[in-house]
Structures are given as structure tokens and as C-alpha cells.
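S.K.: Sequence plus predicted model, see below.
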Amino acid sequence: LLHFARGGLMGFVRRLRARKGPGAVRPPAAPLAAVEPLPHRALPARGTPILSVQGAVKRFGGLVAVNDVSFDVAAGEIVGLIGPNGAGKSTMFNLLTCTLPMSSGSVRFLGQDIAGMPQREVARLGLARTFQHVKLRPQMSLLDNVALGAHSRTRSGVLRAGLRLDRAEERQILQEAQRQLERIGLGDRAHELAGSLPLGTQRILEIARALAADPVLLVLDEPAAGLRRKEKMALGELLRKLRDEGVTILIVEHDMDFVMKLVDRLVVMNFGAKLVEGAPAAVRADERVQAAYLGSVA
């Protein structure tokens, strides 16, 4: 199985069918019949506090990776979390998405303490994330990759799915996935394989998958990493568009030029602690930030 069917038994069958003839072309999929859309949550009013991190601490043995960090995120804004390598950004990111347990402190999302909550429950509350390294299914279509993000919004379990009793929900999921692809400008490429896309487009596809979960807060881990200038410009335009639609965004990013032009507010970390917080222009002018992140003051 590991040698001949690494994609599973059905993957093996698909490979055999693909060998029927050289240059065989997959026929275009029939358009999806319109169905009742999946329910959408009401987004909080702009300016409403939705995320509050208070006194977050994370210890790995004797190493304190995050040391008493506090900040808030309000609805309808883009907040950047930045800092030099080893500042604790990724650890802080994993704490507030419940990927790692906190040593002490609290994280409240939409008024509920989520520290220690299973990640799937946090996602159902409306907090969706992407990853520093692209985590797509390369042999699945763009449509199917995005559809994975919407399954938390349905009720059918393994048994109903195995008995094919979830067909109505599956049609709703695929319709939602198509809507999100059109939202990010990839609606006409729904049936291409995700692995054939360039890195920049794959990162945008990951955002579409996160949007399929109908999030209140979208948490992005270095989405501009490895992108060319035009790809970064397209990414920035997409994130501003999402903010204008009411989606709140928290972004961890190393590219200072990209993040300074994008965010409404910055939180700067250094050596595991919060160094400064404020508007991009004020943060750029802060001597502590220049010394810790941008280099010594000119």
C-alpha cells in the first residue's frame, strides 16, 4: 500500500484510470445546481472587542518563550504581530489559536475564555487560521481544498457520510467553496489541482479555505513569505477587501514594508515580551523598535 497506493485505494484506482490513454483530458465538471446556502454568522459591529489576550505566558522547561503579553483586537481592523527572529511571535500565535497550551494567562474570544479549548471548537466559534508553511492537498482540486474548510459548519458525521446521507450538505459545502473561490478571484479555476498553482496563489487559496469556515477573526501566519512583489500586492488588496467586508484579521509577518502598508495597528514583540503597540507610523519611529527589529537608529 505504501509503495503502490500512497494516496489510498481510491487514489490508486484514479491512477489506473488516468493511464487509459496518453493525453486523456478530464471532462469539465457540470455546474453545481443552486441549493440553499450554508447559514452565515452575523459579524460584530466595527470596533467591538473580539479578542483579548491577558498576561499570556508560555514556558518550555526553563525557557520562557512568551512572557506576560497582553493585547486586544477589535472587529473590522487588521492587526500585525511583528518582531525579530526568536521574539516569540509564532508561539504567541499558537497560544491564541489553542495549538499550544498556555502556562498562565487567558485568551478571550467573543467574550469566552478559549484557553485550553480544542482547536476544532475554537474554529466553530469563528476563529480560522492559515499556516506558515502551505498545508494544501496538492492532488485535490481548488474546489475540494476550499470545501474542507466548510465541514465544521455541517452536522453529518462519519456514519451519515459513509452511508451517503450527507449529499444535501455536500452540495451546500461545494456551493460555499465556489463562492469563496470567486471571492478571491479563482472562481474560473475551481477544478484545477492545487499542486499546480504557484506559491502565491496557493497562499491565497489557503485564505479561501479559512474563509469557508465563516470566521469572525482570520489569523494569518506569514502569508507573504516567499511571494514576489506583484503577489504581495495582490495579497494586500485581498486582505483590505476582506477588512472592508467586516472580517477582522490578525497577521504575523516578517516583511516590514508589506505589513506597515497593510495594518491598522501593530504589536511588537522582542525576547518573548511585548515591546510596543500602536499605529504603524508611531511604531516605525520608535527607537526601541528600530534597535530591536530594524537595526540601530540612523
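M.R.: Sure, I can see it. Numbers count the residues shown, from 1 in each chain.
S.K.: which stretches of the stretch 51-200 of the chain have low pLDDT?
M.R.: For the stretch 51-200 of the chain, applying pLDDT under 70 flags the ranges 157, 160-163, 165.
S.K.: Helices of that one, start to end?
M.R.: In the stretch 51-200 of the chain, the helices defined using DSSP state H, counting those that start in this stretch lie at 89-96, 119-125, 142-147, 158-162, 167-183, 199-211.
S.K.: Out of those helices, which gets nearest to residue 262?
M.R.: Nearest to residue 262 among these is helix 199-211; the distance by C-beta to C-beta comes to 13.7 Å. (Each C-beta comes from the backbone N, C-alpha and C, glycine too.)
S.K.: Sheet partners, orientation included, of the next helix-or-strand element following the closest one?
M.R.: For helix 199-211, the succeeding helix or strand toward the C-terminus, using DSSP states H and E, is strand 217-221. Strand 217-221 pairs in its sheet with strand 127-129 (parallel), strand 248-252 (parallel), by DSSP bridges.
S.K.: average pLDDT for strand 217-221?
M.R.: When pLDDT is averaged over strand 217-221, the result is 93.
S.K.: contacting residues around that strand?
M.R.: 50-51, 73, 90, 93, 96-97, 109, 126-132, 207, 210-211, 239, 242, 247-253 (C-beta atoms under 8 Å, 6 or more residues apart in numbering).
S.K.: buried subset of those residues?
M.R.: The neighbour count (16 or more other C-beta atoms under 10 Å) marks 50-51, 73, 90, 93, 96-97, 109, 126-131, 207, 210-211, 239, 242, 247-253 as buried among the contacts of strand 217-221.
S.K.: residues near residue 99, how many?
M.R.: As a burial measure, residue 99 scores 14 neighbours (other C-beta atoms under 10 Å).
S.K.: next one: residue 217
M.R.: Look at residue 217: counted by other C-beta under 10 Å, it has 25 neighbours.
S.K.: From residue 270, how far out is it?
M.R.: Per C-beta to C-beta, to the nearest Å, residue 217 is found 24 Å from residue 270.
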